[in-house]
Every structure is written in C-alpha cells, then in structure tokens.
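Chemist: what's the 3D shape of this:
(one chain, ligands or ions: 1)
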Amino acid sequence: MLTTFFRIFAALAIVALDSSAAQGQQIKVTLLGTGCPPAVMNRFGPSTLVEAGNQKFVFDAGRGALQRLTQLGVRWQDVQGVFLTHLHSDHVVGFPDLWLTGWLIVPGRSVPLPVWGPSGTSRMMAHLEQAYEYDIRVRLANDRAAADGVKLLPHDIGEEIAYDRGGVKITAFEVDHAPVKPALGYRIDYAGRSVVLSGDTRLSENLIRRAQGVDLLVHEVFVPETLQRAGVPPERAKNIVDYHLTPEQAGEVFTRAKPKLAVYSHICMPTALEQDLLIPTRKTYSGPLELGEDLMAIEVADKVSVRRPARSSP
Ligand SMILES: [Zn+2]
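Modeler: Numbers count the residues shown, from 1 in each chain. As a prediction, the model looks like this:
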C-alpha cells in the first residue's frame with residue numbers, strides 16, 4: 001500500500017518535471033551518492049551536486065563522486081567549489097579523486113578549488129597536499145598539468161553565510177552529530193527557491209528551524225535493524241544509531257519542517273529496504289517523500305520534480 005503510494009507520487013513527480021523547464025530560475029539537485037561507509041555498488045558514498053543558475057557545487061565527496069559526476073557529463077572544472085558537512089571519512093574519501101584526477105585528466109581544472117567545511121577542514125586539506133606532494137610535483141613537471149588547478153582554498157566555517165555570489169546564497173548551520181563536532185548542514189537559496197541538506201545528524205531542532213517550509217529537504221536516515229542484520233554487536237550499534245536519525249524520527253522532522261518534498265539520502269545501512277524506510281516514516285509523516293537513489297535528480301522550480309535514472313546504477 002505504502003509502496004504503491006510512493007510509486008504513484010514518483011510518477012506524478014516525473015510528469016511535473018516536463019512542464020517546469022524554466023531553465024535558469026531553478027535549483028537542480030542530483031544525488032551522486034546516497035550510501036554511507038559500507039562499500040556497495042548501488043549506493044556510492046555521500047555526495048550531492050547542486051546546480052543553481054550556471055553555478056555548480058558539490059556537497060560532500062564520498063566514494064565514487066568523480067564517477068557519478070562523469071556519468072552526468074559534469075566537468076570538474078565547471079564546479080565552483082566543494083562544501084563538506086563534516087570530516088567523517090565516508091564524506092571525504094572521494095575528495096582526493098575529485099581534486100587530483102579532476103585536475104589531471106584533460107581538460108583538467110585550471111583554477112584553484114575553494115573548499116568550505118567545519119573546523120578542521122583547512123588542516124585536512126593541508127595534510128592532503130602533504131600526502132600527495134610527490135604526485136603533485138611530478139604531474140606539474142612531467143604531465144604539464146595547470147599549476148593553479150591543484151591549489152586548494154580551504155575555509156573553516158561555522159554558522160554563517162559561506163557563499164553569496166551571482167544570486168546563489170549558501171548558508172551553513174550546525175546540526176547535531178556529536179561527538180563529531182561541529183557538523184554542518186547547508187541551506188541553498190536561489191531565485192526564491194530553497195534547498196536544505198542535513199549532513200549527518202540526530203534530530204536537530206536547529207535544522208527544523210532552518211528548513212521551515214523549504215522547497216526540498218534532503219535528509220540522512222539510519223535504520224537500526226540493518227545493523228542487527230549485519231551482525232554488528234549491540235553495544236557498538238547503539239553508539240552508531242545514537243548520532244543518526246531513525247525513519248520515525250525523520251518523519252517527525254519532516255512533519256515539523258513541512259518541506260514541499262522530503263528526500264532520503266545517506267541511507268544507512270545501504271542494505272535498507274524500501275519498507276524498512278517508508279513504513280516507519282509513515283507513522284509520523286504523511287507528506288511528499290522520496291527514497292533517494294544514486295543519480296536521482298530533483299528540480300526545484302515552481303514545482304519540485306523528481307527524475308530517476310533510467311535503470312539502477314551503476
Ligand atoms: Zn557522519
């Protein structure tokens with residue numbers, strides 16, 4: 001029953017897409033990776049592409065982000081910058097690939113890359129430059145890669161407007177992923193449209209406030225039963241579940257924030273089934289909801305519309 005409802009909503013959403021092609025006045029969000037730490041083929045690591053006007057940004061850089069961008073035909077040199085929600089490895093392991101391969105492969109990046117993230121981001125970027133110093137040196141000398149294209153411009157940010165250019169405003173706000181502290185969510189505003197990305201968080205009052213009435217809320221979710229099924233010892237599972245959000249709790253967040261559309265991404269464990277997510281969510285939320293999948297695109301225009309990839313990726 002719930003599954004049927006979900007499918008009908010998805011079908012309607014696709015119809016809406018075709019009538020809302022107001023190019024330039026919309027935000028387009030593409031889920032590059034909807035998974036979490038376990039390495040599975042159908043859900044790459046957490047990463048999201050946001051396009052607003054002619055600007056492009058990548059939020060988090062999990063495993064496979066460069067492959068997904070390449071599948072979309074998005075050129076790395078056309079990405080304005082990278083925003084990190086927090087420094088857990090599943091959110092950043094794809095970064096060196098984006099940064100270095102995206103620089104090397106012709107036509108590679110030729111301008112420096114701004115990177116915004118919570119306290120510790122600048123330190124991580126400096127360490128990465130040190131770790132890859134040998135490669136950078138030989139690529140510059142032998143492969144003649146553009147010198148500016150490998151430069152990183154890191155910014156450690158807190159609750160603030162991190163970016164405001166060409167009508168695109170990106171605001172960072174704190175979420176609650178303690179003991180990972182600080183952890184950030186992001187709100188993107190453009191042409192009267194609004195998108196909130198949760199990053200990793202347990203139920204966050206600050207997020208509910210920042211996401212009030214937003215067009216699109218992309219939220220993480222964690223299904224405790226999937227840890228049991230994976231054989232994770234209960235004492236370890238408790239700590240993991242505790243700093244994430246269960247589907248029932250996510251439903252509460254959606255009910256209170258009232259987004260035009262709620263979308264699950266960072267689906268953990270990535271083995272979670274549709275019924276694991278949707279049935280408990282529907283106990284606390286009856287509004288529009290989509291279960292994210294890699295390469296799913298959401299267009300935020302007069303209507304919020306969803307287009308799923310033609311078949312399961314990769
Ligand atoms: Zn995390």
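Chemist: where does the stretch 101-250 of the chain come near the ion, residue by residue?
Modeler: Within the stretch 101-250 of the chain, the residues that sit near the ion (C-beta under 5 Å from the ion) are Asp200. Quick note: C-beta positions are derived from backbone N, CA and C, even for glycine.
Chemist: how close does Asp189 get to the ion?
Modeler: From Asp189 across to the ion, the span is 25 Å (C-beta to the ion, to the nearest Å).
Chemist: ok so that residue is a strand residue?
Modeler: Yes - counting by DSSP: H, G, I helix; E, B strand; the rest coil, Asp189 falls inside a strand.
Chemist: And it, how far from Gln130?
Modeler: Distance, Asp189 to Gln130, using C-beta to C-beta, to the nearest Å: 36 Å.
Chemist: who has more neighbours, the two?
Modeler: Comparing Asp189 with Gln130 by neighbour count (other C-beta atoms under 10 Å), the higher total belongs to Asp189, at 20 against 9.
Chemist: what's the nearest residue to that one if we skip its chain neighbours?
Modeler: Excluding its sequence neighbours, the residue lying closest to Asp189 (C-beta to C-beta, 6 or more residues apart in numbering) is Lys169, at 4.5 Å.
Chemist: likewise Val175?
Modeler: In space, Val175 is closest to Thr201, 3.5 Å off (C-beta to C-beta, 6+ apart).
Chemist: SS state for the one you found?
Modeler: Assignment for Thr201 (three-state DSSP): coil.
Chemist: State the phi and psi torsions of it.
Modeler: Reported as degrees, to the nearest 10, the phi and psi values for Thr201 are phi -160, psi 150.
Chemist: I'd like to know how many residues surround it.
Modeler: With other C-beta under 10 Å as criterion, Thr201 counts 26.
Chemist: thought it was touching Ala183?
Modeler: Yes - Thr201 is in contact with Ala183 according to C-beta atoms under 8 Å; the separation is 6.5 Å.
Chemist: Now list whatever residues contact both of these two.
Modeler: Listed as contacting both Thr201 and Ala183 by C-beta atoms under 8 Å, 6 or more residues apart in numbering are 175-177.
Chemist: who wins for most neighbours among the residues you listed?
Modeler: Neighbour max across those (other C-beta under 10 Å) = Val175, 29 neighbours.
Chemist: would that residue count as being in a helix?
Modeler: No - judged by three-state DSSP, Val175 forms no part of a helix; its state is strand.
Chemist: show me what contacts the most centrally placed residue in the chain?
Modeler: Note on the chain: the residue nearest the mean C-alpha position is Thr48, at 3.4 Å, using C-alpha atoms, centre = their mean. Thr48 is in contact with 29-32, 58-60, 197, 218, 265, counting by C-beta under 8 Å, 6+ apart.
Chemist: do Arg165 as well
Modeler: So Arg165 contacts Gln55 (C-beta under 8 Å, 6+ apart).
Chemist: Show me where this structure has its helices.
Modeler: Per DSSP state H, the chain carries helices over the ranges 2-18, 65-72, 95-96, 102-104, 121-131, 133-141, 205-210, 224-229, 234-242, 247-257, 274-281.
Chemist: how about a markdown table for those, with mean pLDDT added?
Modeler: Formatted as a markdown table, the helices of the chain follow (pLDDT from 0 to 100):
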| stretch | mean pLDDT |
| --- | --- |
| helix 2-18 | 44 |
| helix 65-72 | 97 |
| helix 95-96 | 98 |
| helix 102-104 | 95 |
| helix 121-131 | 98 |
| helix 133-141 | 96 |
| helix 205-210 | 98 |
| helix 224-229 | 86 |
| helix 234-242 | 84 |
| helix 247-257 | 97 |
| helix 274-281 | 95 |
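Chemist: Include distance to His86 when you put these into JSON lines, please.
Modeler: Below are those laid out as JSON lines (distance: least, C-beta to C-beta, whole Å):
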{"stretch": "helix 2-18", "distance to His86": "30"}
{"stretch": "helix 65-72", "distance to His86": "16"}
{"stretch": "helix 95-96", "distance to His86": "13"}
{"stretch": "helix 102-104", "distance to His86": "22"}
{"stretch": "helix 121-131", "distance to His86": "9"}
{"stretch": "helix 133-141", "distance to His86": "26"}
{"stretch": "helix 205-210", "distance to His86": "14"}
{"stretch": "helix 224-229", "distance to His86": "20"}
{"stretch": "helix 234-242", "distance to His86": "15"}
{"stretch": "helix 247-257", "distance to His86": "18"}
{"stretch": "helix 274-281", "distance to His86": "22"}
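Chemist: So for Met41, which of the ones you listed sits nearest?
Modeler: helix 65-72 (11.0 Å; C-beta to C-beta).
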